[in-house]
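**Student:** fold the following, please.
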Amino acid sequence: MRIPRMAVIVPVVALALAGLTACAGGSEAKSNAGTDAKTLADEAQRLIKSVDDYKMVGGGQDEETRIDWDLCIRNGTDVQGTMTIDGNRAEIIVIGKDEYLKADVPFWKMSMTGSVPPAVIDRAAATVAGKFVKSPADEEEGGLASMAALFDGDTSGVTKGDAVKIDGVKVIPLSKKDEEGETTTLYVKEKGKPFPFMIKSEGKGKATMKFSKGKTKCEPKAPAESFSKDDLKKQFKDA
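**Tutor:** Next up, the predicted model:
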């Protein structure tokens, strides 16, 4: 069974972190204009991982798929919230290296198409509907567990542009092009600590993600019971 990953489906992401950066600047704060690109990118990565928890809400569209999400992130790794793909909603929990998804029949039928024999899709989807299905969080590149990794965790080759203003905030763009020709641009605060303010990855799709401090504490917990892929394989091994 292959669960669609948002970083694969939506290659363009914009992150607005105004709720996390209120204290990062000020008229007396030191300018980051003279700091090299890699140093700024590395510090931005450290800063986003230093935030105990935050909300991540947004959505996007590529040539074929619409995806929306409402997530909270704890310590840059654990995740809890919802993901909706083409109107089909799933509940998501990530704890360490384990990812759990719970959804109704339509989501599972969509997810299983192409990876599960057509003859058993209806039965398999009905079996896991309303239950959590467990899989490795890092099974595929771009999974939920890697969402806090700016530039996919590799800041080598990042270049710096001139400072610009976005929504009245002066920021410095840090850009990198990957092997597939997609350019990711991270905007960090021009003064004070270079907290991420916005990040865009320009490719085939379009998406927007906003970050803010959640109204309640983010406390993802592993479900008491869940299916594994091996459980499903055993149940439908003769199909």
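**Student:** contacts and neighbour counts: CA atoms only from here.
**Tutor:** Will do.
**Student:** now for the helix ranked longest in the chain, which elements pack on it?
**Tutor:** Longest helix in the chain, counting residues (DSSP state H): helix 37-50. Packing partners of helix 37-50 (3 or more Cα pairs under 8 Å, 6 or more residues apart in numbering; DSSP states H and E): strand 159-160.
**Student:** direction included, what does the strand it packs on pair against?
**Tutor:** Paired neighbours of strand 159-160 in the sheet (DSSP bridges): strand 169-177 (antiparallel).
**Student:** ok, and what's touching the strand it pairs with?
**Tutor:** Contacts of strand 169-177 with the rest of the structure, by Cα atoms under 8 Å, 6 or more residues apart in numbering, involve 33, 37, 41, 151, 157-165, 183-191, 197.
**Student:** and the next helix or strand past the longest helix of the chain?
**Tutor:** strand 53-61 (DSSP states H and E).
**Student:** contacts for the helix or strand following that following strand, please.
**Tutor:** For strand 53-61, the succeeding helix or strand toward the C-terminus, using DSSP H and E, is strand 66-74. Strand 66-74 has contacts (Cα under 8 Å, 6+ apart) with 6, 9-10, 52-61, 79-87, 214, 218-220.
**Student:** now strand 66-74, how far from the centre of its chain.
**Tutor:** 7 Å (Cα atoms, centre = their mean, to the nearest Å).
**Student:** now do it and strand 53-61, the angle between them.
**Tutor:** 170 degrees (axes from the mean of the first three to the mean of the last three Cα atoms, to 10 degrees).
**Student:** averaged pLDDT, strand 66-74. What do you get?
**Tutor:** The pLDDT scores in strand 66-74 average 90.
**Student:** immediately after it, which helix or strand?
**Tutor:** strand 78-85.
**Student:** elements contacting that next one?
**Tutor:** strand 66-74, strand 88-95.
**Student:** if we can go back for a sec, figure out how far the longest helix of the chain is from the centre of its chain.
**Tutor:** 17 Å.
**Student:** all numbers from here: first residue = 123
**Tutor:** Renumbered: residue one is now 123, and that last one reads helix 159-172.
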